[in-house]
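Peer 1: Kindly return the folded structure for what I paste below:
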Amino acid sequence: MSAISRDRGVTATWALATAQLVSWGAIYYAFSLFVVPMEHGPGWSRTSTDAALSVGLLVSGLVAYPVGRWIDHGHGRAVMTTGSLLASAMLALWSQADSLAMLFVAWAGLGAAMAATLYDPVFAVVTRRHPDSFRTKITLITLVGGFASTAFIPLTQGLIDLLGWRHALLALAAINLCVCLPVHALAIDVGKNGRGGTAGVAARDERAALKAANAGAARRALRSPVFWALAVCFTAYYATFAALTFHLVPLMTGRRVPQSVILATMAAIGPAQVLARILWFMFGRNVSPKIVGLVITTAFPASVVLLLFAGASPVLLILFAIVYGGANGMMTILRGTIVQDLMWVEGYGAINGLLATPSNMAKGIAPISAAAIWAMGHGYRPVEWGILLVSLVSTAAFGIAMLHARRPAMPMDAVAE
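Peer 2: Below is the predicted model of the structure:
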């Protein structure tokens, strides 16, 4: 690869990483800061606004597969550019919402935008463009994206305090439009492996062959026990992670944990995610993804055990946050690379979309299910034990995927461009 192409690839990766930071910050992490203003303004209940977020996550899951297929067919630029436009339009629509119906419409649109702009589509784009070095690039993208909450939570709160919640949403829409739209329009190449196509009949034949190969790879995945084991693993993991994330503060409050300890515990999760990704970037690329994956899927239930026995202990709660955040930080990278390592690269977008569909739907359903268990059990103890049980299912499923892998896993170190 020439020096010019190598430099362009590095620049494009950093640009895509920056766009991930903005997309996650403006669409996903900002949501929680608008809940209280919407309660005080339009008077919508917290249950209703959380239900709108759940609808968005469900839509994201339903749209993930077609998005992945379109990227496999070479339409990554169009998909992610359209997603950025849709995200800004829906944030603007949300800012004008004067009814719950309008809020739900906005979040249904944001769900489709998330499926087209967040990690899964960019992983597919990078894998298709850089089949020999996607691991390093995906790790870098998630490393930068891990700062989204750190950057956008204080930024969004400042915008709300300064402008009010409706104008703050318009500001976020403008930021997303000004950063993500040009990045996705300019940093994503078109044509086979991003090098442009040829003209006429040859181009049509090439596209047809690529489409057939990708479709065949996706169908082959549905017959693979590795695919189904990974589907169970990721669905169980994201269900438990979403349930615990949404209920962690009320869980600790119910234990009469001091507010300062609750804030410290929550504050430790984000840096732990980023630190884990830095460690992976520095050292984990030389370790088999099977070993790393087993560590990650074991770390999450270990964190739940810590939480079960932590009580109100500041030391144990902070330790829980470090293990919990670190596991999630590395899981994002594993999620973007393990399919290629245990299965194959062809049709990755569609396969990844198929895996994302139940995972994203689980994210939307799990918090509501945990709330129902809490209500029936008159406390969070049954919720914690249920989360531990499901997280162990995730660990077991990953082990099954490793046992059925058809080819040995490649080391995590990427071939330098």
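Peer 1: Low-confidence stretches in the stretch 201-350 of the chain?
Peer 2: 201-216, 284-285, 345 (pLDDT under 70).
Peer 1: Please enumerate the helices of it.
Peer 2: 225-254, 259-282, 289-310, 314-342, 348-377 (DSSP state H, counting those that start in this stretch).
Peer 1: and the spatially most central residue of the chain, how far is that from Trp44?
Peer 2: By CA atoms, centre = their mean, the chain has its centre lying nearest to Tyr119, at 5.2 Å. Note on Tyr119: its distance to Trp44, by CB to CB, to the nearest Å, is 29 Å. To be clear about C-beta, it is placed using only N, CA and C from the backbone, and glycine gets the same treatment.
Peer 1: that older thread, and of the helices of the stretch 201-350 of the chain, who's closest to Ala64?
Peer 2: For Ala64, the closest of those is helix 348-377, at 3.8 Å, according to CB to CB.
Peer 1: For the residue nearest to the centre of the chain, give its distance to Ala17.
Peer 2: On the measure of CB to CB, Tyr119 and Ala17 end up 11 Å apart.
Peer 1: Between the two, which contacts overlap?
Peer 2: The contact sets of Tyr119 and Ala17 overlap at 141, 145 (CB atoms under 8 Å, 6 or more residues apart in numbering).
Peer 1: State the number of residues packed around Gly41.
Peer 2: Here the number of neighbours of Gly41 (other CB atoms under 10 Å) works out to 12.
Peer 1: again, but for Glu384
Peer 2: 20.
Peer 1: Where does it fall, secondary structure wise?
Peer 2: helix 381-404 (DSSP states H and E).
Peer 1: so what secondary structure elements neighbour that helix?
Peer 2: helix 225-254, helix 289-310, helix 314-342, helix 348-377 (3 or more CB pairs under 8 Å, 6 or more residues apart in numbering; DSSP states H and E).
Peer 1: And that helix, what's buried?
Peer 2: When burial is assessed from 16 or more other CB atoms under 10 Å, helix 381-404 yields the following buried residues: 383-384, 386-388, 390-395, 397-402.
Peer 1: just the angle between it and helix 314-342, please?
Peer 2: 30 degrees (axes from the mean of the first three to the mean of the last three CA atoms, to 10 degrees).
Peer 1: Contact partners for the residue nearest to the centre of the chain?
Peer 2: 20, 141-142, 145, 332, 335-336 are the contacts of Tyr119 under CB under 8 Å, 6+ apart.
Peer 1: swap the cut-off to 10 Å and go again
Peer 2: Counting by CB atoms under 10 Å, 6 or more residues apart in numbering, Tyr119 touches 20, 23-24, 138, 141-142, 145, 332-333, 335-336, 352, 356.
Peer 1: Okay, now the unreliable bits of the stretch 51-200 of the chain?
Peer 2: Judged by pLDDT under 70, the stretches of the stretch 51-200 of the chain that qualify are 190-200.
Peer 1: how about the helices of it, start to end?
Peer 2: 76-95, 100-117, 119-129, 134-145, 148-163, 165-186, 200-222.
Peer 1: helices or strands up against the fifth one?
Peer 2: In other words, helix 148-163. Judged by 3 or more CB pairs under 10 Å, 6 or more residues apart in numbering; DSSP states H and E, helix 148-163 is in contact with helix 3-23, helix 31-40, helix 165-186, helix 259-282.
Peer 1: Thanks a lot, catch you later.
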